[in-house]
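In: sequence plus the predicted model coming up.
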Amino acid sequence: MAEKKEHMRWQLRAPGGATWHWSVAGEDLEVHTTYVGDALKSVLQSARDLQLGSGSSIALLLSEPGGTRVFFSGAEEEVYVQVVQFSDLQSVDNRWAGGQPRWSGRISTSGFIDDVRSMAEQLLSEVGESRYLKEWGHPFPSRELQALHGHTPAD
């Protein structure tokens, strides 16, 4: 039987909300986030960090007042990923308290990068930059997507 391929999808919700869907290692994960942070940009930046050879990165998907941190460590051909949900990321005193693991495991680094790139391209194709800005409140992270193609736009 064929192994289930990892798959990602970014779904804009009511204005200011989104859900990151990730099918990984036979599990379906949903992470909800809001406009208080720029979550898609953060995920794209982590993929770029890994692409450039970084051994670790953190993506932040904020909600109100909590959110999810995605930790990447030990990256080479594979990367160890931990998806941890926090109930209060706004508090200075408790922002690291009470993290609840949602998923962890080793995945292909290049597969993750490819999946993130495909997810962002699909979203851009479906909604376009103007609708993304209107519904999300942040510009589409085109610079980060282009960087995943090995292009870095001039400043």
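Out: Sure thing, it's come through.
In: helices or strands up against the top helix by length along the chain?
Out: The residue-count maximum for a helix in the chain (DSSP state H) belongs to helix 109-136. Other elements packing on helix 109-136 under the criterion 3 or more C-beta pairs under 8 Å, 6 or more residues apart in numbering; DSSP states H and E are strand 7-12, helix 39-51, strand 78-86, helix 142-148. All C-beta spots, glycine's among them, are computed from the backbone N, C-alpha and C.
In: would you turn these into CSV with mean pLDDT and distance to Ala120?
Out: Shown next, in CSV, are the helices and strands packed on helix 109-136 (pLDDT from 0 to 100; distance: least, C-beta to C-beta, whole Å):
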stretch, mean pLDDT, distance to Ala120
strand 7-12, 95, 7
helix 39-51, 97, 6
strand 78-86, 96, 18
helix 142-148, 96, 5
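In: and those: which comes nearest Leu60?
Out: Ranking the helices and strands packed on helix 109-136 by proximity to Leu60 (C-beta to C-beta) places helix 39-51 first, at 5.0 Å.
In: pull the contacting residues for the residue minimising distance to the centre of the chain.
Out: Nearest residue to the geometric centre of the chain (C-alpha atoms, centre = their mean): Val43, 3.0 Å. By C-beta atoms under 8 Å, 6 or more residues apart in numbering, the contact list for Val43 reads 20, 59, 61, 70, 116.
In: between which two of the residues you listed is the distance greatest?
Out: Leu61 and Val116 (13.0 Å).
In: what kind of secondary structure is His21 in?
Out: Following DSSP: H, G, I helix; E, B strand; the rest coil, we place His21 in the strand state.
In: now this structure, which segments are flagged as low pLDDT?
Out: The model of the chain has pLDDT under 70 over residues 1-6, 94-96, 151-155.
In: repeat the analysis, applying 50 as the threshold.
Out: The model of the chain has pLDDT under 50 over residues 1-4, 152-155.
In: how far does stretch 59-72 sit from the chain's center?
Out: When C-alpha coordinates are averaged (C-alpha atoms, centre = their mean, to the nearest Å), stretch 59-72 and its chain have centres 9 Å apart.
In: contacting residues around it?
Out: So stretch 59-72 is in contact with 20, 31-34, 36-37, 39, 42-43, 45-46, 49-50, 56-58, 79-91, 99, 102, going by C-beta under 8 Å, 6+ apart.
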